[in-house]
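Enquirer: Need the 3D shape of this:
(one chain, ligands or ions: 4)
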Amino acid sequence: RIYEPGDFAGMHAAGTLAARILDDIAPHVAPGQSTGELDRMITQMVEDAGATSATIGYKGYQHASCISVNHVVCHGIPGDKKLKDGDILNIDVTVIVDGWFGDTSRMYVAGKLSRKTERLIQVTHDSLMKGIEAVKPGNTFGDIGHAIQSYVEAQRMSVVRDFCGHGLGQVFHAPPNVLHYGRAGSGPVLEEGMFFTIEPMVNLGRPETKILADDWTAVTRDKSLSAQFEHSVGVTADGAEIFTLSPSGKFHPTYG
Ligand SMILES: CCc1ccsc1-c1ccc(O)c(O)c1
Ligand SMILES: [Mn+2]
Ligand SMILES: [Mn+2]
Ligand SMILES: [Mn+2]
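Expert: Ligands and ions are numbered 1, 2, ... in the order given. I've put the predicted structure just below:
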């Protein structure tokens, strides 16, 4: 679906709320805190904002966030397990504001950050921004994937292939699949008014993932650490509008 110029404001409001929730949960991420408690706080924040969670009730999922710790690649289910010092975690939130979907995620660290985890987080974030730099009318989705993959592999890390970004707007998921790897110039052409997410997952080791017995949680096959960042973006006449930028202007302190 191609959206109209007037639709950008709706996406901006939904995206900004999701980003603000990710700002506001940051002080609560600490060793000893459980991911279930973080999710309960996020649920309350969505309600207090008069918005709706897109994930509660989606495909039977019952939480307002996905929280993926260490070698969990994505779709981590919030629970009673407590965070320990040095854990890295992705918190992924999707909210609906006046019918518009804002979908974003970023990385946090419980306690002290090691140099290795800091580099993984930095490379993952920067790969998302490289992908966004490739967003402009006339480029293709393959240009986005190529930008991400070439940057990550130059850092001797790997791009997860089993999960991708997606169209969104007045729905949570729509075509096209937005691949985080690929050949420049391949795939559909980007057009002004396209809205989609870019949500690269980067592993310190091999790209392969597997799903745990809960039929939900995705982990790295080799148990290496994995990180993810996600923005919702719109294609503008001269590039991209990021709908999910942190309203406080600061990216998470982890990333600096
Ligand atoms: C919990 C939401 C969910 C359920 C099955 S896939 C999925 C999901 C999680 C994070 C996302 O960014 C996304 O686009 C979808
Ligand atoms: Mn998401
Ligand atoms: Mn998404
Ligand atoms: Mn992880």
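Enquirer: ok, so what distance separates V219 from V73?
Expert: 6 Å (Cβ to Cβ, to the nearest Å). Yep, even glycine has a C-beta here, placed from its N, CA and C like the rest.
Enquirer: One more: G15?
Expert: 23 Å.
Enquirer: Tell me who's in contact with the residue in the stretch 151-256 of the chain that ligand 2 sits nearest to.
Expert: Distances between the stretch 151-256 of the chain and ligand 2 by Cβ to the ion are smallest at E230, namely 4.8 Å. Applying Cβ atoms under 8 Å, 6 or more residues apart in numbering, we find E230 in contact with D92, D103, T104, S105, R106, L128, G165, T197, I198, E199, T244.
Enquirer: how about the strands in the stretch 1-150 of the chain?
Expert: Listed in chain order, the strands of the stretch 1-150 of the chain (DSSP state E, counting those that start in this stretch) span 52-53, 65-69, 72-74, 88-97, 100-109.
Enquirer: The stretch 151-256 of the chain now?
Expert: Under DSSP E, counting those that start in this stretch, the stretch 151-256 of the chain gives strands at 158-159, 165-167, 174-178, 195-198, 201-203, 209-211, 218-220, 226-228, 231-236, 239-242.
Enquirer: What pairs with the first one, parallel or antiparallel?
Expert: The reference is to strand 158-159. Sheet pairing here is set by DSSP bridges, and for strand 158-159 it gives strand 201-203 (antiparallel).
Enquirer: Okay, now the unreliable bits of the protein?
Expert: 250-256 (pLDDT under 70).
Enquirer: In it, what residue lies closest to ligand 4?
Expert: For the chain, Cβ to the ion, closest residue to ligand 4: S226, 4.0 Å.
Enquirer: My read is that that residue contacts V202, right?
Expert: Yes - counting by Cβ atoms under 8 Å, V202 is a contact partner of S226 at 6.8 Å.
Enquirer: which residues do the two both contact?
Expert: V160.
Enquirer: related to what we said a few turns ago, I'd like the distance between the residue of the chain closest to ligand 4 and A49.
Expert: For S226, the distance to A49 - Cβ to Cβ - is 30 Å.
Enquirer: of the two, who's got more company?
Expert: Between S226 and A49, S226 has the larger neighbour count (other Cβ atoms under 10 Å), namely 29 against 14.
Enquirer: who does the more buried one bridge with?
Expert: N203.
Enquirer: Could you tell me how many residues sit around A18?
Expert: Neighbours of A18 using other Cβ under 10 Å come to 28.
Enquirer: Now the residue nearest the centre of the chain: closest residue in space, sequence neighbours ignored.
Expert: The residue lying closest to the centre of the chain (Cα atoms, centre = their mean) is E230, at 2.4 Å. In this structure, E230 finds its nearest non-sequential neighbour in E199, 3.5 Å apart by Cβ to Cβ, 6 or more residues apart in numbering.
Enquirer: got the contact list for that neighbour?
Expert: E199 neighbours (Cβ under 8 Å, 6+ apart): D103, S105, L128, F163, C164, G165, V178, H180, Q228, F229, E230, H231.
Enquirer: I'd like these written out as JSON lines, with distance to G249 added.
Expert: Shown next, in JSON lines, are these (distance: Cβ to Cβ, whole Å):
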{"residue": "D103", "distance to G249": "20"}
{"residue": "S105", "distance to G249": "18"}
{"residue": "L128", "distance to G249": "17"}
{"residue": "F163", "distance to G249": "29"}
{"residue": "C164", "distance to G249": "29"}
{"residue": "G165", "distance to G249": "24"}
{"residue": "V178", "distance to G249": "26"}
{"residue": "H180", "distance to G249": "26"}
{"residue": "Q228", "distance to G249": "22"}
{"residue": "F229", "distance to G249": "16"}
{"residue": "E230", "distance to G249": "19"}
{"residue": "H231", "distance to G249": "15"}
